[in-house]
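[1] here's my sequence, what's the structure:
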Amino acid sequence: MNVIRTIAEARAFIQARQHEGSGAVGLVPTMGYLHEGHASLMRKAREMCGTVVVSIFVNPIQFGPGEDYETYPRDEARDLALAEAEGVDAVFIPSVEEMYPQPTKTKITVAEITSLLCGASRPGHFDGVTTVVSKLFHIIKPAYAFFGMKDAQQVAVIEQMVRDLNMDVSIVPCPIIREQDGLALSSRNVYLSPEERRQALVLSGSLRAAQAIVEQNHEVTAGEIRTLLREHITQSPLADIDYAEVLTFPELSPIADSEQALGTDRGVIMALAVRFGRTRLIDNALIQPKVGDSHV
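    This is a model prediction of the structure:
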C-alpha cells in the first residue's frame, strides 16, 4: 500500500495506475480515526474499482470557532493498518500546508440545502466540505467517490455540487454502519463518557420508533413525527437537541407540520443532531415509499 503525502505524488500515482490500465479509480474521503463505517466504504470501493484511494485529512476550513479541530481524534498508524487490511492501494495524507499553502480565497458554496440542519448550527461548515472535496476530486480524479449516509446532508450537498458543476465523478452513498446496540459509528463516539454513550442510544431508538409509526400509519403528519422524536429524545436527561427534523430527500425541502410526512413521490429523511456533553452526534433514517424500502 502506498502512503502519499504530496499532491504531486498523488497525481503521479494516479497517472501510473491509469497507464497500467488498472481500471476505475475510487476515492474514499475521510478525516481519519477510521472505524468499521469507513471500512465498509473501502470494501464497496474495492468491489467497484480497480484502484482504491483513501484520503485522510482533518480539514480546518470546515470547523467553526470553538469546534473540535485541534482535539479531533487522530491515529495515523491505526488508520494505515485498517486501510491496508481492506486492500486499499494508496492512502493520501496531506498536511494542511500541502492542501492550503496560502489562505484560500476561493470556496465553493452550495446554496439553500446548506442553510438548514447542520448548516444552520455550523455556519460555513459546508463551504469547507465542498471546497476540500472539490480539491480532492481535482487531485485524485476518481470515477467514483464513496460517502456514508450517516452524514446524509453532506451526501446531498456533494451530489448537488457534482451536478451543478458537471464534475466527472459518480457519488456512491453507502448505508449507515451501527454498533450492535444501534449507535451509529462515528469517530466522535470516543468523546462519550460511559453514561453519555448509554444515553446516546436514544437517537437510534427514537428513529426506530418514528419509523414504526410511519410504516403503520401512512397519514401521520410531519409535525407528529417531529413531536415523537423530540419526546423520545428528551427522555434522556443528558440529551441537548440541536435539531429533530423531517424533510424531503435529497432535496431537503421542509415539510409543514400539518402535511402528511410520507408522500407517494418523494423520499423522506428524519434527521437528528443531539449533544451529549461536549459531543455532538448526528443520525438519520430514510424512508423511500416508491420502492417500499426503508433504512435505519
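
[2] what's the mean pLDDT across the strand or helix carrying residue 54?
    Using DSSP states H and E, residue 54 sits within strand 51-56. Per-residue pLDDT values over strand 51-56 give a mean of 98.

[3] for it, name the packing helices and strands.
    Where contact means 3 or more CB pairs under 8 Å, 6 or more residues apart in numbering; DSSP states H and E, strand 51-56 is packed against helix 7-19, strand 25-30, helix 36-48, helix 76-85, strand 90-92, helix 125-140. The C-beta positions use only the backbone N, C-alpha and C, and glycine is treated the same way.

[4] ok, which stretches of the stretch 101-250 of the chain are strands?
    144-148, 170-174, 239-249 (DSSP state E, counting those that start in this stretch).

[5] of all these, which one comes closest to residue 122?
    Nearest of the strands of the stretch 101-250 of the chain to residue 122, taken as CB to CB: strand 239-249 at 9.4 Å.

[6] ok, the helix or strand following that closest one: who's next to it in the sheet?
    Downstream of strand 239-249, the first helix or strand assigned by DSSP H and E is strand 267-276. As defined by DSSP bridges, the strand partners of strand 267-276 come to strand 239-249 (antiparallel), strand 279-288 (antiparallel).

[7] angle of the shortest one against strand 170-174?
    Put simply, strand 279-288 runs at 100 degrees to strand 170-174, going by axes from the mean of the first three to the mean of the last three CA atoms, to 10 degrees.

[8] so how far is strand 279-288 from its chain's centroid?
    10 Å (CA atoms, centre = their mean, to the nearest Å).

[9] show the model's pLDDT score for residue 290.
    43.

[10] which one of the strands of the stretch 101-250 of the chain is the most hemmed in?
    strand 144-148 (a mean of 22; mean count of other CB atoms under 10 Å).

[11] partners of that strand, with directions?
    strand 25-30 (parallel), strand 170-174 (parallel).

[12] tell me which residues are up against that strand.
    24-29, 37-38, 40-42, 44-45, 48-49, 133, 137, 154-155, 158, 169-177 (CB atoms under 8 Å, 6 or more residues apart in numbering).

[13] mean confidence score for it?
    For strand 144-148, mean pLDDT is 98.

[14] quick one: it to helix 36-48, angle?
    150 degrees.

[15] quick one on the thing from earlier: strand 25-30 and the strand holding residue 54, what's the angle between them?
    Between strand 51-56 and strand 25-30, the angle comes out at 20 degrees (the same axes, to 10 degrees).

[16] name the strands paired with strand 51-56 and say parallel or antiparallel.
    Short version: by DSSP bridges, strand 51-56 pairs with strand 25-30 (parallel), strand 90-92 (parallel).

[17] return the distance of the shortest one from the chain's centre.
    Okay, so that is strand 90-92. Relative to its chain's centre, strand 90-92 lies at 20 Å (CA atoms, centre = their mean).

[18] then the first one?
    Averaging C-alpha positions (CA atoms, centre = their mean) puts strand 25-30 13 Å from its chain's average.

[19] just to revisit the earlier point, I'd like the strands of the stretch 101-250 of the chain as a markdown table, with distance to residue 59 appended.
    Shown next, in a markdown table, are the strands of the stretch 101-250 of the chain (distance: least, CB to CB, whole Å):
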| stretch | distance to residue 59 |
| --- | --- |
| strand 144-148 | 14 |
| strand 170-174 | 18 |
| strand 239-249 | 21 |
